[in-house]
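Visitor: Predicted coordinates and the sequence they were generated for:
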Amino acid sequence: MPHTPYYLIDKSKLLRNMEKIAYVREHSGAKALLALKCFATWSVFDFMSDYMDGTTSSSLHEVKLGRKKFGKETHAYSVAYADSEIDEVIENADKIIFNSISQLNRFADAASGIVRGLRLNPQVSSSSFDLADPARPFSRLGEWDVTKVEAVMDRISGFMIHNNCENADFDLFDKMLGDIETKFGSLLSRVEWVSLGGGIHFTGDNYPLDKFCARLRAFSQKYGVQVYLEPGEASITKSTTLEVTVLDTLFNGKNLAIVDSSIEAHMLDLLIYRETAKIEPNTGDHAYMICGKSCLAGDVFGEFNFENEIRVGDRISVQDAAGYTMVKKNWFNGVGMPSIVIKELDGSERVVREFTFDDYVSSLS
Ligand SMILES: Cc1ncc(COP(=O)(O)O)c(C=O)c1O
Ligand SMILES: NCCCCNCC[C@H](N)C(=O)O
């Protein structure tokens with residue numbers, strides 16, 4: 001049994017998402033690229049690559065990781081490329097998507113030998129978080145002015161449009177795609193491919209996959225484009241837990257349990273978006289606030305119910321711990337970094353990465 005804390009990636013749960021992605025690819029004709037910003041734990045890429053078409057990236061490091069560890073089709077995108085990195089980005093990519101017309105022009109020569117695209121911003125999104133809303137006022141994420149885009153159509157063969165965020169509502173997706181068609185329809189029929197980005201929770205329970213496939217296929221046929229999807233969360237949702245152990249219990253008006261992990265260090269996204277973790281089944285008469293071990297006063301995973309009183313040494317599994325966790329983990333307080341463990345399809349567990357004091361030291365100088 002590995003020492004806690006560790007992220008436990010369960011391949012049988014990952015497989016459920018992979019099979020839905022494969023279904024969508026087959027029935028819609030869309031290609032699916034893993035968004036590495038969400039999940040970049042490359043030890044399961046061999047497994048995932050049987051079900052997906054490749055990766056998309058947000059930086060030089062991610063595009064190189066995608067090329068090296070996942071293979072297949074590799075898309076490069078970044079909010080802005082530096083002169084010093086553009087050649088290496090291009091060397092490692094099949095397509096490059098520029099965020100702005102100025103970057104497209106700046107790197108016109110460097111990128112003349114690679115398929116190029118441009119990010120469009122339809123100025124509508126499904127995000128309820130200002131922080132993650134690509135359509136927020138003054139957004140820097142993509143071009144929105146059709147006249148300006150028309151002027152560079154000879155330099156690109158595709159678009160990327162990412163405006164969904166944790167969107168589990170097919171009707172909302174459908175409506176927003178309609179908005180995109182209204183705004184950019186005249187441009188869409190002039191390109192060969194369109195990536196609709198990530199943020200579409202189509203692998204969730206009860207998502208109307210057949211309607212989704214039909215909508216994607218109709219879009220693809222109407223404009224004569226290859227559609228791409230860039231699932232991050234949808235690829236890995238509910239596949240992983242963060243396994244922790246209780247180190248101490250206190251009563252300060254509420255029952256508190258301190259675990260050998262930290263929301264700040266190991267599930268940072270929850271803190272950023274002011275969400276609580278998930279612990280199942282969350283039933284029983286014993287209510288506890290589950291707290292992290294960093295010195296941050298608000299290092300709290302949330303309040304949950306348990307069937308029994310919690311004792312030091314008890315194990316707790318924090319659910320849904322794959323997306324935006326391992327890619328964001330940090331060494332705050334020097335808290336021990338969770339190992340990464342894979343549960344194989346036969347149920348056996350394999351530790352694929354452990355972090356030591358030397359890793360902490362080498363992350364600083
Ligand atoms: C361009 C792009 N593609 C894909 C994604 C992945 O989104 P999600 O993990 O919500 O599916 C994001 C999220 O930031 C993104 O910005
Ligand atoms: N759970 C809170 C919202 C998370 C939003 N996802 C983060 C990134 C996202 N893909 C984006 O578009 O910014």
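Guide: Cool, got the structure. Ligands and ions are numbered 1, 2, ... in the order given.

Visitor: Within the helices and strands, which one has Asp174?
Guide: Using DSSP states H and E, Asp174 falls within helix 170-188.

Visitor: Please name every helix or strand in contact with the helix or strand just after that helix.
Guide: Downstream of helix 170-188, the next assigned helix or strand under DSSP H and E is strand 193-195. Counting contacts by 3 or more Cβ pairs under 8 Å, 6 or more residues apart in numbering; DSSP states H and E, strand 193-195 is packed against strand 158-160, strand 226-229. In short, each C-beta sits where N, CA and C put it, glycine included.

Visitor: quick one: contacts for the residue of the stretch 51-200 of the chain found nearest ligand 1?
Guide: Across the stretch 51-200 of the chain, the shortest distance to ligand 1 (Cβ to the nearest ligand atom) belongs to Gly198, at 2.5 Å. With Cβ atoms under 8 Å, 6 or more residues apart in numbering as the criterion, the residues that contact Gly198 are 35, 38, 162, 164, 229-234.

Visitor: let's go with 10 Å and repeat that
Guide: Contact partners of Gly198, counting by Cβ atoms under 10 Å, 6 or more residues apart in numbering, are 33-35, 37-38, 56, 162, 164-167, 229-235.

Visitor: Check the secondary structure at it for me.
Guide: With DSSP: H, G, I helix; E, B strand; the rest coil as the basis, the three-state label of Gly198 is coil.

Visitor: Kindly list the main-chain dihedrals of it?
Guide: phi -110, psi -160 (degrees, to the nearest 10).

Visitor: Kindly provide the distance from it to Met267.
Guide: Per Cβ to Cβ, to the nearest Å, Gly198 is found 19 Å from Met267.

Visitor: which residues in the chain form helices?
Guide: For the chain, the helices defined by DSSP state H occupy 11-28, 45-48, 60-65, 86-91, 101-106, 146-150, 170-188, 209-223, 233-236, 263-266, 268-272, 357-362.

Visitor: interface residues of the stretch 151-300 of the chain facing ligand 1?
Guide: Residues of the stretch 151-300 of the chain lying near ligand 1 by Cβ under 6 Å from any ligand atom: 162, 197-199, 230-234.

Visitor: can you do 8 Å?
Guide: 160, 162, 164-166, 195, 197-201, 230-235 (Cβ under 8 Å from any ligand atom).

Visitor: Which residue does the stretch 1-150 of the chain have closest to ligand 2?
Guide: As assessed by Cβ to the nearest ligand atom, ligand 2 sits closest to Ala132 within the stretch 1-150 of the chain, at 3.7 Å.

Visitor: how many other residues sit next to that residue?
Guide: 15 (other Cβ atoms under 10 Å).

Visitor: how about the closest residue in space to it that isn't next to it in sequence, what does it touch?
Guide: Once flanking residues are discounted, Ala132 sits nearest to Cys165: 5.3 Å by Cβ to Cβ, 6 or more residues apart in numbering. Counting by Cβ under 10 Å, 6+ apart, Cys165 makes contact with 125-129, 131-135, 197-201, 233.

Visitor: out of those, who has the most neighbours?
Guide: Neighbour counts for these peak at Ile200, which has 30 neighbours (criterion: other Cβ under 10 Å).

Visitor: Surely that residue touches Val227?
Guide: No - taking contacts as Cβ atoms under 10 Å, Ile200 lies outside contact range of Val227: 11.7 Å.

Visitor: any shared contact partners between the two?
Guide: Joint contacts of Ile200 and Val227 (Cβ under 10 Å, 6+ apart) are Leu216.

Visitor: returning to what we had before: could you redo the helices and strands packed on strand 193-195 as a markdown table and give each row mean neighbour count?
Guide: Shown next, in a markdown table, are the helices and strands packed on strand 193-195 (neighbours: other Cβ atoms under 10 Å):
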| stretch | mean neighbour count |
| --- | --- |
| strand 158-160 | 22 |
| strand 226-229 | 21 |
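
Visitor: Mind putting the ones you listed into a markdown table with distance to Lys293 and mean pLDDT?
Guide: Formatted as a markdown table, the helices and strands packed on strand 193-195 follow (distance: least, Cβ to Cβ, whole Å; pLDDT from 0 to 100):
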| stretch | distance to Lys293 | mean pLDDT |
| --- | --- | --- |
| strand 158-160 | 40 | 98 |
| strand 226-229 | 38 | 99 |
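
Visitor: got those as a markdown table, with distance to Gly313 columns?
Guide: Below are the helices and strands packed on strand 193-195 laid out as a markdown table (distance: least, Cβ to Cβ, whole Å):
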| stretch | distance to Gly313 |
| --- | --- |
| strand 158-160 | 49 |
| strand 226-229 | 44 |
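
Visitor: Need phi/psi at the nearest residue to Cys38 once chain neighbours are set aside.
Guide: Distances taken as Cβ to Cβ, 6+ apart put Gly232 closest to Cys38, at 2.7 Å, once the chain neighbours are dropped. Note on Gly232: its backbone torsions stand at phi -100, psi -80 [degrees, to the nearest 10].

Visitor: Alright, that wraps it up for me.
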